[in-house]
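In: Build me a structure from this.
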Amino acid sequence: MRMPPPEPEISLLTTSGVFELDGGSWEVENNVWIIGNEHEAVVVDPAHDARAIAEALGDRQVPAIICTHAHNDHVNAAPELAALTGAPILLHPDDLPLWKLTHPGDEPDEELSDGQKIVVGGLYLHVRHTPGHSPGSVSLYLPALGAVFTGDTLFQGGPGATGRSFSDFPTIIRSIETRLLDLPPETVVHTGHGPTTTIGEEQPHLSEWIARGH
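Out: Numbering: from 1, shown residues only. This is a model prediction of the structure:
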């Protein structure tokens with residue numbers, strides 16, 4: 001009898017470390033998302049602790065390590081995790097200047113592009129370029145599981161920070177309005193820090209966010 005294919009799932013690993021930019025540093029907790037099944041999985045935002053992430057992956061194949069953006073707290077464990085798993089690191093090229101602040105002697109393996117589809121465990125992750133928090137920020141839409149991974153672009157309660165280098169408030173609002181709030185309202189938003197939310201919960205607050213920026 002043919003066995004059914006392994007069920008896909010989303011799992012969360014929280015890691016702790018330091019976010020550094022523009023001469024400042026802040027203690028942070030990051031959400032590391034693992035998406036796949038019992039045979040293979042991708043990692044979204046390899047933060048702080050490569051060995052803990054590798055342990056969570058177990059013996060699964062890792063077709064990609066995906067960085068939603070290149071702030072150090074989202075990519076600082078990427079090269080070590082790549083060495084442990086043999087997986088390529090994927091990053092949007094517009095965030096390469098930020099990547100080089102953390103990894104000056106290294107580069108990502110492959111470029112992410114708007115509209116790209118990444119396959120893992122029979123699932124399709126749709127790459128959406130959502131700049132604003134950083135120039136190369138992307139979100140990953142997973143329609144099969146009704147989820148989107150927004151990095152630091154959209155959180156429960158509002159957009160990501162835009163008060164530091166490489167960021168822009170009008171751009172992040174435009175990204176959220178045109179690339180995220182057009183998703184089905186029941187879509188679960190898996191963020192780079194803190195709790196999940198849904199598109200439907202955040203959509204009514206768009207005008208408030210716009211007013212907050214003026």
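In: Return the mean pLDDT over stretch 11-18, rounded to an integer.
Out: Taken as a whole, stretch 11-18 has an average pLDDT of 98.
In: number of nearby residues for residue 35?
Out: 26 (other Cβ atoms under 10 Å). Glycine gets a C-beta too; all of them are placed from N, C-alpha and C.
In: That one: what's it in contact with?
Out: Contacts for residue 35 (Cβ atoms under 8 Å, 6 or more residues apart in numbering) come out as 8-11, 41-42, 44, 120-121, 123, 125, 142, 149.
In: Make TSV from those and add distance to residue 155, secondary structure and neighbour count to it.
Out: As requested, those are exported to TSV (distance: Cβ to Cβ, whole Å; DSSP: H, G, I helix; E, B strand; the rest coil; neighbours: other Cβ atoms under 10 Å):
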residue	distance to residue 155	secondary structure	neighbour count
8	25	coil	18
9	23	strand	14
10	17	strand	18
11	20	strand	12
41	24	strand	26
42	22	strand	25
44	15	strand	24
120	25	strand	23
121	27	coil	21
123	24	strand	20
125	20	strand	24
142	18	strand	22
149	12	strand	24
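In: Flag whichever of those scores worst on pLDDT.
Out: Lowest confidence among the contacts of residue 35: residue 8, with 83.
In: hmm, back to that, residue 211: which of the contacts of residue 35 is nearest?
Out: Checking the contacts of residue 35 against residue 211 with Cβ to Cβ, the nearest one is residue 149 at 27.4 Å.
In: Look up the residues forming beta bridges with the nearest residue to the closest one once chain neighbours are set aside.
Out: Closest residue in space to residue 149, ignoring its immediate chain neighbours: residue 140 at 4.3 Å, by Cβ to Cβ, 6 or more residues apart in numbering. Per DSSP bridges, the residues bridged to residue 140 are residue 127, residue 149.
In: And the helices in this structure, which stretches?
Out: Using DSSP state H, the helices of the chain run over residues 50-57, 72-75, 78-85, 96-102, 169-175, 199-202, 206-212.
In: Which among those is found nearest to residue 129?
Out: helix 169-175 (7.8 Å).
In: Counting by contacts, list what that closest one packs against.
Out: Counting contacts by 3 or more Cβ pairs under 8 Å, 6 or more residues apart in numbering; DSSP states H and E, helix 169-175 is packed against strand 158-159, helix 206-212.
In: these two touch, right, residue 183 and residue 140?
Out: No: counting by Cβ atoms under 8 Å, residue 183 does not reach residue 140; the two are 11.7 Å apart.
In: Now for those two: what residues contact both?
Out: residue 148.
In: More neighbours: the two, which one.
Out: residue 140 (24 against 20).
In: how close does that one sit to residue 164?
Out: According to Cβ to Cβ, to the nearest Å, residue 140 stands 23 Å off from residue 164.
In: contact partners of the worst-scoring helix or strand of the chain on mean pLDDT?
Out: For the chain, the helix or strand with the lowest mean confidence is helix 206-212, at a mean of 85 (criterion: mean pLDDT, DSSP states H and E). Here helix 206-212 makes contact (Cβ under 8 Å, 6+ apart) with 158, 159, 173, 176, 177, 181.
In: Can you name the residues that contact the residue nearest to the second one when sequence neighbours are not counted?
Out: For residue 159, the nearest residue in space outside its immediate sequence neighbours is residue 172; the separation is 4.9 Å by Cβ to Cβ, 6+ apart. Taking Cβ under 8 Å, 6+ apart as the criterion, residue 172 is in contact with 130, 131, 132, 133, 153, 159, 160, 162.
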